[in-house]
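> here is my input, please return the structure:
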Amino acid sequence: MVWIARHLVWSSLGVCALLLLLGYAFVFRHQVARIRQADRIAVLNQERTSKEAYLKQLDALALEYSNYALEDIERARTMIPHEDDVPGILAMLEAAARASDLQLTAVNFAAADMTGIDVSNVGALAISISVQHGSYERFKLFLSSLQDNLRLFDVRSANINPAGASYTLTLRAYVWKKAI
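So this is what the prediction gives:
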């Protein structure tokens, strides 16, 4: 008792510290753990909800995909293939020119700008074509054969020189990006 009276301030601080430590160890630590667990459960519930919504969206897309005919799917894959297929495009252009009785004089391939393409999984290939030795009617026949082709092309520009019977086209062919 004498020692406590001499060291009253220090002993009362020690007892308070001991009570706080015991209170934390037996009461507050469990409450803090419950609060942390409740926060974690809320985050996990929110993540589960978002993943369930994404799964429902995937199920709806799978159902929609299963409703398409296999011929339509293959036709779409042919229209917009997964690779550039430059030799195939060149063969198509040569066949169209030959069928239209035009001479294919130049073909250039380059990466196309993506202006106006809102689909994130689609890329494009720019194709510049020069043909000559034909009338305007033959040129229209060439354009018609490109339009009837299964591969999807957009005509971006056309230059017509009637005096020299030469025509220049800029086309854009579409390609699915490899991420799909």
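> least confident secondary structure element in this protein?
Evaluated with mean pLDDT, DSSP states H and E, the helix-and-strand set of the chain has its lowest mean pLDDT in helix 2-6, which scores a mean of 69.
> where do the helices sit along the chain?
According to DSSP state H, the chain carries its helices in the segments 2-6, 8-23, 29-66, 70-79, 86-99, 136-148.
> look up phi and psi at the closest residue to Tyr174 other than its chain neighbours.
On the basis of Cβ to Cβ, 6 or more residues apart in numbering, the spatially nearest residue to Tyr174 that is not a chain neighbour turns out to be Ile80, at 4.6 Å. Any C-beta I mention is one placed from the backbone N, CA and C, and that applies to glycine too. Summarising the backbone geometry of Ile80 under the convention degrees, to the nearest 10, its torsions are phi -130, psi 90.
> so who does Ile80 touch?
With contacts defined as Cβ atoms under 8 Å, 6 or more residues apart in numbering, Ile80 is in contact with 122, 152, 174-176.
> what's the most distant pair in these?
Across the contacts of Ile80, the longest distance by Cβ to Cβ is 11.2 Å; it joins Leu152 and Trp176.
> now for Arg172, how many residues are close by?
19 (other Cβ atoms under 10 Å).
> just give the closest residue to it, not the sequence neighbours.
Take Arg172 and drop its neighbours on the chain: the residue closest to it by Cβ to Cβ, 6+ apart is Asp154, 4.4 Å away.
> count of neighbours near the one you found?
Count around Asp154 with other Cβ under 10 Å applied: 13.
> that one contacts Thr170, doesn't it?
No. In this structure, Asp154 is not within contact of Thr170 by Cβ atoms under 8 Å, at 9.4 Å.
> mean confidence for stretch 41-54?
Across stretch 41-54, pLDDT averages out at 89.
> oh sorry, the question was meant for stretch 87-106
Confidence over stretch 87-106, taken as the mean pLDDT, stands at 89.
> quick one: contacts for the residue of the chain most remote from its centre?
Taking Cα atoms, centre = their mean, the residue of the chain most remote from its mean C-alpha position is Val2, at 80.9 Å. Residues in contact with Val2, defined by Cβ under 8 Å, 6+ apart, are absent; none qualify.
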